[in-house]
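# I need the structure of the sequence given here:
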Amino acid sequence: MLSKKNGAKGQETRLSPAEEQAKINELRAMLGPLTGKLLLFCSDASLAQFLRARNWNIKKAAKMLKETLKWRLQYKPDEIRWEDVAHEAETGKIYRANYVDKYGRTVLVMRPGFQNTTSSKGQIKYLVYCMENAILNLPPGQEQMVWLIDFKGWSAGTISVKVTRETAHILQGCYPERLGLAILYNPPKIFESFFSVVKPFLEPKTYKKVKFVYSKDPESRKIMDEVFDMDKLECAFGGRNPTEFNVVDYGKRMKEDDNKMTLHWSSAVPTLSHNSAETRSFLDTNNFECGSDSSDKEDVNLESLDIESDSDGFPKAGLQDSSCLDSEHDTSAEMNKKTGPVKLESGSNSSA
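Alright, predicted model coming up:
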């Protein structure tokens, strides 16, 4: 049985498997005929994720999914390969651990203090590559992953509001319901101020998945014991596994996964060509009608969606989720007004 919010704020009702399937079928009918990679992407499980992200509101889920499919056609995340991002991975700032947690969830280790590049486009491209790889390696029956974020070497000077905002857009808009848990390991005090800046970019259900863990706090360390097999967890996170990141060995793993990725998407036959008439028809928002509801203030206006790519193939504008950000509002500027410079040199103690 699945739950959904209904009516009064915070009130939830139960959704039976039959009701869930009915919603999925209705969403699929609203999308219309799909072929190739789009059809492969839109499995029942995937449609259910978008529906859950929008509390089973079919119209909102359809608009959100439509935007994601457009983004995938433009950005082609399934075609990114290790050779395209290997330079971003050299320091191990993001990598998929060679173990899963106790619930079978893929673990992405993130070490923002090991940032080695300045290109926000390259950094986002590597994040997308890692997300696609983590999903590819999920065991059957598991749909979510864990982010294990190590703050060793992190300083306020490494903060990029632009990358943070784009990360939030991509995670919430293109990979809904994929994050099961985010563990912030040993964040410095000043990060509390930065998290107060990041919080407006996140939906409530996303930041509720964020847990702070401190190695010197026995109570917070219990989270690690509950989530991970300590024999597999790296020593850096209080585990007993002495293995450290090695980019050469990791590259070999990723190249093997690239082959798996190619096999996975090659099963989508015929592959939908970006230049085909069907693709152009799909990208035309006028061919996608969800009906109107003037009282539905949270709907995304598809006509305002800008997915025009620049010379590097990165969308000029990130996905704008109206429940998260107002695309016409300079959020970073507003945050700076409230909290001071992004570098947070004042060391504010505001709580997340």
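# what comes up buried for stretch 172-192?
By 16 or more other CB atoms under 10 Å, the buried positions in stretch 172-192 come out as 172-187, 190-192. Placement of C-beta: from N, CA and C, glycine included.
# One more: stretch 92-110?
92-97, 99-101, 105-110.
# Among those, which are located in helices?
Using DSSP state H, no member of these falls within helices.
# Look at residue 263 and report its pLDDT.
Confidence at residue 263, expressed as pLDDT, is 95.
# what do you get for residue 301?
33.
# And the one 10 residues further on, by the same measure?
You'll see residue 311 listed with a pLDDT of 41.
# Could you do residue 3 as well?
For residue 3, the model assigns a pLDDT of 51.
# now swap in residue 207 and tell me
81.
# which residue sits closest to it, ignoring its sequence neighbours?
Among residues not flanking residue 207 along the chain, residue 199 sits closest, at 5.9 Å (CB to CB, 6 or more residues apart in numbering).
# That neighbour looks like it's in a strand, true?
No: counting by DSSP: H, G, I helix; E, B strand; the rest coil, residue 199 is not part of a strand but helix.
# so how far is residue 212 from it?
Residue 199 sits 13 Å away from residue 212, going by CB to CB, to the nearest Å.
# same question, residue 27
Taken as CB to CB, the span from residue 27 to residue 212 is 36 Å.
# Could I get the contacting residues of the closest residue to residue 160 other than its chain neighbours?
Using CB to CB, 6+ apart and skipping residues adjacent in sequence, the residue nearest residue 160 is residue 120, 6.4 Å away. Contacts for residue 120 (CB atoms under 8 Å, 6 or more residues apart in numbering) come out as 160, 162, 163, 166.
# Kindly recompute the last result at 10 Å.
Counting by CB atoms under 10 Å, 6 or more residues apart in numbering, residue 120 touches 160, 162, 163, 164, 165, 166, 167, 314.
# Spatially, which two of the residues you listed are the most separated?
Greatest spatial distance among the contacts of residue 120 (CB to CB): 164 and 314, at 15.9 Å.
# ok, back up a step: looking at the contacts of residue 120, state which has the most neighbours.
residue 166 (23 neighbours; other CB atoms under 10 Å).
# Distance check, it against residue 177.
19 Å.
# for residue 41, same thing?
14 Å.
# Same check on residue 59?
Distance from residue 59 to residue 177, by CB to CB: 18 Å.
# Poorly predicted segments of the stretch 201-350 of the chain, please.
269-350 (pLDDT under 70).
# Just the ones in helices from the buried residues of stretch 172-192, please.
Counting by DSSP H, those contribute 190, 191, 192 to helices.
# Could you point out which of the residues you listed is nearest to residue 239?
residue 191 (22.2 Å).
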